[in-house]
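Trainee: predicted model and sequence below, questions to follow.
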Amino acid sequence: MVNFVICIVLVALAFDFINGFHDSANSIATIVGTRVLSPLAAVIWAAVFNFAALFFVGTAVAKSVAAGFIDLNVVDANVILGGLLGAITWNLITWWFGIPSSSSHALIGGYAGAAVSKVGFVALLWGKKWIETLSAIALSPSLGMLLGFILMVLVYNVFQKVTSAKADKFFRVAQLTSSALLSLAHGGNDAQKTMGIIVGLLVATQATFAGETGLLRHMYVTSLDSIPVWVELSAYTMISLGTLFGGWRIVHTMGTRITKLRPVGGFCAETAGALVILSASRFGIPVSTTHTITGAIVGVGATNRLSAVRWGLASKIVWAWVITIPAAAAMAALAYKILAAFNPL
């Protein structure tokens with residue numbers, strides 16, 4: 001059992017890596033699309049600030065994921081592994097087709113799907129966190145869009161007497177700050193989801209590590225309120241490494257195909273997205289970086305004219321968002337059934 005749990009922790013960290021790989025485009029698409037940084041420089045920049053979130057963002061989201069969605073009495077190693085496999089499968093499918101879907105909601109959907117597959121819908125803790133998270137599916141892109149639109153209008157008014165060349169020069173520098181802030185927000189919210197899954201696993205299997213010595217003693221966790229330092233370091237390291245590898249299909253979609261951006265637009269979109277995500281992290285709400293930054297990009301594009309936004313592509317992305325939770329849940333439910341058949345616990 002010890003080896004099985006360790007393997008699941010490694011799968012969770014693999015998901016975290018894929019999350020960084022899959023969602024790195026959210027952090028760098030605008031700064032690449034505006035040509036402020038090359039793709040290589042952008043992913044390095046994003047990876048550094050993904051990891052830096054460890055020192056600035058708390059663990060409220062991790063605790064929400066660990067305790068706020070699924071009855072811990074239902075959770076076992078197969079539920080966790082099934083949930084992870086469902087989320088990873090959906091992430092890889094959407095990455096392959098270049099669709100900006102949410103790794104966050106894939107994880108939550110997968111976790112829920114595996115638990116429901118085990119005991120039915122009684123596994124779900126219908127309460128505050130589900131309401132907040134499901135509401136965030138609609139609110140995070142809407143708030144990103146609104147804030148992106150407002151920031152763009154404010155910037156236009158402040159810089160209306162400044163030449164386009166001077167404004168571009170200023171915002172090419174400013175966008176370095178805004179993209180760093182967005183990467184910080186992304187790392188701070190998304191790495192915590194993996195932390196929550198790992199801690200939930202360790203608490204559910206705590207009897208396995210009771211009395212262990214050496215390094216294994218650090219896997220003995222009895223409370224969902226306690227996030228071991230090694231879990232934090234591992235999660236932030238893996239999401240940063242994943243970011244280094246990037247996701248160029250999705251960069252193209254996010255940075256140039258939704259709307260054409262100049263540095264001023266990139267700055268406003270990134271700032272808007274970062275503020276929404278950091279606010280959610282403060283209150284322990286797991287939100288989608290993908291949803292939020294896409295909404296912000298649409299809001300910025302709409303300040304020029306509504307036709308500047310490629311609404312057909314945006315609508316396809318929305319449909320991908322809508323089906324992410326049920327699709328990941330279905331894949332996780334199947335994965336759980338297979339695991340339970342071959343490895344009953």
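Mentor: That came through fine.

Trainee: for this protein, which helix is longest?
Mentor: When the chain is scanned for its longest helix (criterion: DSSP state H), the result is helix 164-204.

Trainee: show me what that helix is packed against.
Mentor: Helices and strands in packing contact with helix 164-204 are listed as helix 2-33, helix 39-52, helix 60-67, helix 77-96, helix 103-119, helix 229-245, helix 263-282, helix 289-302; criterion 3 or more Cβ pairs under 8 Å, 6 or more residues apart in numbering; DSSP states H and E. Placement of C-beta: from N, CA and C, glycine included.

Trainee: in the first one, what counts as buried?
Mentor: Think helix 2-33. Neighbour counts using 16 or more other Cβ atoms under 10 Å place 5, 8-9, 11-13, 15-33 of helix 2-33 among the buried residues.

Trainee: what separates stretch 265-280 from the chain centre, distance-wise?
Mentor: Averaging C-alpha positions (Cα atoms, centre = their mean, to the nearest Å) puts stretch 265-280 14 Å from its chain's average.

Trainee: again with stretch 286-306
Mentor: In terms of Cα atoms, centre = their mean, the centre of stretch 286-306 is set 16 Å apart from its chain centre.

Trainee: check which residues of it are buried.
Mentor: Neighbour-count burial for stretch 286-306, counted by 16+ other Cβ under 10 Å, picks out 286-303.

Trainee: do stretch 151-167 as well
Mentor: Here stretch 151-167 shows 151, 152, 155, 167 as buried, counting by 16+ other Cβ under 10 Å.

Trainee: need the helix or strand of the chain with the lowest average pLDDT.
Mentor: Taking all helices and strands of the chain together, the one with the lowest average confidence (mean pLDDT, DSSP states H and E) is helix 248-252, at a mean of 55.

Trainee: hang on, the earlier thing: just the angle between the longest helix of the chain and helix 60-67, please?
Mentor: Put simply, helix 164-204 runs at 40 degrees to helix 60-67, going by axes from the mean of the first three to the mean of the last three Cα atoms, to 10 degrees.

Trainee: average pLDDT for helix 164-204, rounded please.
Mentor: The pLDDT scores in helix 164-204 average 91.

Trainee: buried stuff in the helix or strand just after it?
Mentor: Scanning forward in sequence from helix 164-204 by DSSP states H and E, the next helix or strand is helix 206-209. Of the residues in helix 206-209, 208, 209 count as buried by neighbour count, 16+ other Cβ under 10 Å.

Trainee: please apply the same query to stretch 66-74.
Mentor: Buried positions in stretch 66-74, judged by neighbour count with 16+ other Cβ under 10 Å: 66, 67, 68, 69, 70, 74.

Trainee: need the residues you listed in JSON lines (columns: pLDDT and distance to residue 339).
Mentor: Compiled in JSON lines, those are given as follows (pLDDT from 0 to 100; distance: Cβ to Cβ, whole Å):
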{"residue": "66", "pLDDT": "87", "distance to residue 339": "21"}
{"residue": "67", "pLDDT": "83", "distance to residue 339": "23"}
{"residue": "68", "pLDDT": "83", "distance to residue 339": "24"}
{"residue": "69", "pLDDT": "90", "distance to residue 339": "20"}
{"residue": "70", "pLDDT": "92", "distance to residue 339": "16"}
{"residue": "74", "pLDDT": "93", "distance to residue 339": "15"}
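
Trainee: and of those, the nearest to residue 40?
Mentor: Within the buried residues of stretch 66-74, distances to residue 40 taken as Cβ to Cβ reach their minimum at residue 66, with 35.7 Å.

Trainee: list the contacts for that closest one?
Mentor: Each residue near residue 66 by Cβ atoms under 8 Å, 6 or more residues apart in numbering is listed here: 195, 196, 197, 199, 200, 203, 224.

Trainee: now render those residues as JSON lines, adding distance to residue 133 and neighbour count.
Mentor: Converted to JSON lines, the contacts of residue 66 look like this (distance: Cβ to Cβ, whole Å; neighbours: other Cβ atoms under 10 Å):
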{"residue": "195", "distance to residue 133": "16", "neighbour count": "25"}
{"residue": "196", "distance to residue 133": "12", "neighbour count": "30"}
{"residue": "197", "distance to residue 133": "15", "neighbour count": "30"}
{"residue": "199", "distance to residue 133": "18", "neighbour count": "24"}
{"residue": "200", "distance to residue 133": "16", "neighbour count": "26"}
{"residue": "203", "distance to residue 133": "21", "neighbour count": "19"}
{"residue": "224", "distance to residue 133": "17", "neighbour count": "20"}
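
Trainee: from the residues you listed, which single one is nearest residue 136?
Mentor: Comparing those against residue 136 with Cβ to Cβ picks out residue 196 as the nearest, at 15.7 Å.

Trainee: which residues does the closest residue to the closest one other than its chain neighbours contact?
Mentor: Of all residues not flanking residue 196 in the chain, residue 65 sits nearest, at 2.8 Å (Cβ to Cβ, 6 or more residues apart in numbering). By Cβ under 8 Å, 6+ apart, the contact set of residue 65 is 107, 108, 111, 192, 193, 195, 196, 197, 200, 286.
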